[in-house]
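> model the following, please.
(one chain, ligands or ions: 2)
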Amino acid sequence: MSADAGTLIAQANTHDYTILSLHSLSLNHFRNYETARMEATPAPVVLTGHNGAGKTNILEAISLLTPGRGLRRAKLSEINNCHSHANWVIAASVHGMQGEVKIGTGRDPEPGDNPDKRIVRIDGKPVRGQAGLARHFAIIWLTPQMEQLFQESASAGRKFLDRLVFSFDPDHASRVNEYDYAMRERNRLLAGNADGAWLDALEQTMAETGAAIAQARRHTVEHINHAILSSPLSFPKAHMRVSGTVEDLLEKGMAAVAAEEAFKGVLKDARRMDAGAGRTLSGIHRSEMHMIHVEKQMAAQFCSTGEQKALLLSIVLAQARAGAQWHGVVPVLLLDEVVSHLDATRRLELFEEICQIGAQTWMTGTDPGLFAGLEGKAQYFHVDGGRVISD
Ligand SMILES: Nc1ncnc2c1ncn2[C@@H]1O[C@H](COP(=O)(O)OP(=O)(O)OP(=O)(O)O)[C@@H](O)[C@H]1O
Ligand SMILES: [Mg+2]
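Ligands and ions are numbered 1, 2, ... in the order given. Just a heads-up that it's a prediction; the model follows:
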């Protein structure tokens, strides 16, 4: 890390919350990058370059420093540079929730093993699974593809919400995995000769993790709604709500332990029906996220494309603000092609908000002119043909 970056990190963390930032990133055999390295300070980062230069690829690499499949939800094999025979590797130094840490991740399929196996190293030591990443780093992203969220099935909205929860609650990812695993096992048992005691145990796990997941979702939504309402931005304001078997019980004021018991009962009673359907018909895996444009009192799916973009942006910014306020952590923001869709006034407002929140925000665009107003406040990189050049 440069002395400059060190000073800025120290300045950024004189608050009673931690501002996460990435200060070096190395890519090997990653998409259109053979090898590339860049260093950054905690200030906003602007990546410019022509179409196909590799801007989104950099954001995708950063997104893989958190659990999951990254912002493109790509198969790990697709990420390998198609001209290279080696597997992709990313190495990063970050200022994380527990201080400075080196994160390494990459594809490492062993013969006969899962071809999509991702390995993770923290400070050089291999860790099992990816969930440990959430204890160090949190990222929120917004990509042009995410606007489809309003047209797609409930699962897209639920995934978006769960991603927001991850950055607040590092255990959320492992709870969701545990729930999914127990549910798959239950479905398998119901399809065969179900063993009552084993089903009881799986339903107990689903009820425990399900209640915790539902509660974490509700808390996140509450914090975000609060942060949106208190935002000084003139962006359209979104209001979020989550509904589902367990969330609805909590909404009615039921305590989490009681909701857990009730959900366990629902699962037990539904065994025969679920066996017939070949899947679990109710639970937190079917919950829905609802979004409303506050001023218009209109469901987000009926809003214009521009309004929908602004609603999503208001949520992402509110999440960063709420992160500082409620959890003592400001996540890194990745905003892919967001700026080009905003008019000049909103762009300036966005830049002001980012600087005020202090989040290390990575923004991409083809035209450097789109970032007028950030001079002296941001660091600029030009991306070209698999190279990243600091301007
Ligand atoms: N596995 C891969 N190996 C090599 N190149 C790849 C691989 N996957 C994608 N690419 C290439 O990487 C290039 C850069 O993609 P990227 O999406 O990062 O561009 P971009 O700078 O964000 O462009 P745009 O402005 O159009 O969004 C593309 O030309 C794409 O074909
Ligand atoms: Mg792009």
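
> next, the distance between the ends of stretch 230-245.
Chord length of stretch 230-245, first to last residue, is 30 Å (CA to CA, to the nearest Å).

> for that stretch, which positions count as buried?
Neighbour-count burial for stretch 230-245 flags 233, 235, 236, 237, 238, 239, 240, 242, 244, 245 (criterion: 16 or more other CB atoms under 10 Å). For every residue, glycine as well, the C-beta is placed using N, CA and C.

> repeat for stretch 371-378
371, 374, 378.

> what does it rub up against?
43-46, 48, 339, 347-348, 351, 355, 363, 365, 380 (CB atoms under 8 Å, 6 or more residues apart in numbering).

> what mean pLDDT does that stretch get?
Mean pLDDT, stretch 371-378: 94.

> quick one on the thing from earlier: taking the buried residues of stretch 230-245 one by one, which sit in strands?
238, 239, 240, 242 (DSSP state E).

> and of the residues you listed, the nearest to residue 212?
Distance ranking of those against residue 212, using CB to CB, places residue 242 first at 14.1 Å.

> so what's the closest one up against?
By CB under 8 Å, 6+ apart, the contact set of residue 242 is 161, 214, 217, 218, 221, 287, 288, 289, 290.

> biggest separation within those residues, which pair?
Farthest apart among those by CB to CB are 214 and 290. That separation is 14.8 Å.

> just to revisit the earlier point, what two of the contacts of stretch 371-378 are the furthest from one another?
Spatially, the most separated pair among the contacts of stretch 371-378 is 48 and 355, at 18.8 Å (CB to CB).

> quick check: mean pLDDT of the helix ranked longest in the chain?
The residue-count maximum for a helix in the chain (DSSP state H) belongs to helix 196-229. Averaging pLDDT along helix 196-229 gives 96.

> who's in contact with residue 386?
Contacts of residue 386 (CB under 8 Å, 6+ apart): 32, 33, 34, 36, 54.

> how near is the third one to ligand 1?
Shown here: residue 34 relative to ligand 1, a distance of 9 Å by CB to the nearest ligand atom, to the nearest Å.

> for the remainder of this discussion, apply numbering that starts at 37.
Okay, using 37 as the starting number, the last item reads as residue 70.

> in three-state terms, label that residue for me.
Three-state call for residue 70 (DSSP: H, G, I helix; E, B strand; the rest coil): strand.

> quick one: it from residue 117, how far?
Distance of residue 70 to residue 117, computed by CB to CB, to the nearest Å: 6 Å.

> more crowded one of the two?
Shown here are residue 70 and residue 117; by other CB atoms under 10 Å, residue 117 has more neighbours (19 against 14).

> name the nearest residue to that one, sequence neighbours excluded.
Nearest residue to residue 117 in three dimensions, chain neighbours excluded: residue 65, at 4.3 Å (CB to CB, 6 or more residues apart in numbering).

> surely the one you found and residue 118 touch.
No: Residue 65 is beyond contact range of residue 118, at 9.7 Å (criterion: CB atoms under 8 Å).

> against which helices or strands is the strand or helix carrying residue 223 packed?
Using DSSP states H and E, residue 223 maps to helix 208-227. Helices and strands touching helix 208-227, by 3 or more CB pairs under 8 Å, 6 or more residues apart in numbering; DSSP states H and E, are helix 190-204, helix 232-265, helix 307-313.

> and residue 364, which of those helices is closest to it?
Across the helices and strands packed on helix 208-227, closest to residue 364 is helix 190-204 (CB to CB), at 10.4 Å.

> name all residues that make contact with the closest residue to residue 315 other than its chain neighbours.
Closest residue to residue 315 apart from its sequence neighbours, by CB to CB, 6+ apart: residue 223 at 5.9 Å. Residues in contact with residue 223, defined by CB under 8 Å, 6+ apart, are 310, 314, 315, 316.

> for stretch 300-307, give the mean pLDDT please.
Here the average pLDDT along stretch 300-307 is 97.

> quick one: residues in contact with it.
Applying CB under 8 Å, 6+ apart, the external contacts of stretch 300-307 come out as 222, 226, 230, 235-236, 239-240, 242-243, 281, 310, 316-319.

> re the thing from before, so between residue 250 and residue 326, which is more surrounded?
Shown here are residue 250 and residue 326; by other CB under 10 Å, residue 250 has more neighbours (26 against 15).

> and stretch 131-145, how far out from the chain's middle?
How far stretch 131-145 lies from its chain's middle: 16 Å, per CA atoms, centre = their mean, to the nearest Å.

> can you check stretch 355-368 too?
Worked out by CA atoms, centre = their mean, stretch 355-368 lies 13 Å from the chain centre.

> what lies in contact with that stretch?
For stretch 355-368, contacts defined as CB under 8 Å, 6+ apart pick out 51-58, 98, 133, 173-176, 200, 203-204, 259-260, 262-263, 267, 369, 393-398.

> repeat for stretch 280-298
Here stretch 280-298 makes contact (CB under 8 Å, 6+ apart) with 243-244, 246-251, 253-254, 279, 299, 302, 318-320, 322-324.

> quick one, what contacts the residue nearest to residue 123 when sequence neighbours are not counted?
The shortest distance from residue 123 to any residue other than its chain neighbours is 4.3 Å, reached at residue 143 (CB to CB, 6+ apart). Residue 143 makes contact with 112, 113, 115, 116, 123, 124, 152, 153, 154, 155 under the criterion CB under 8 Å, 6+ apart.
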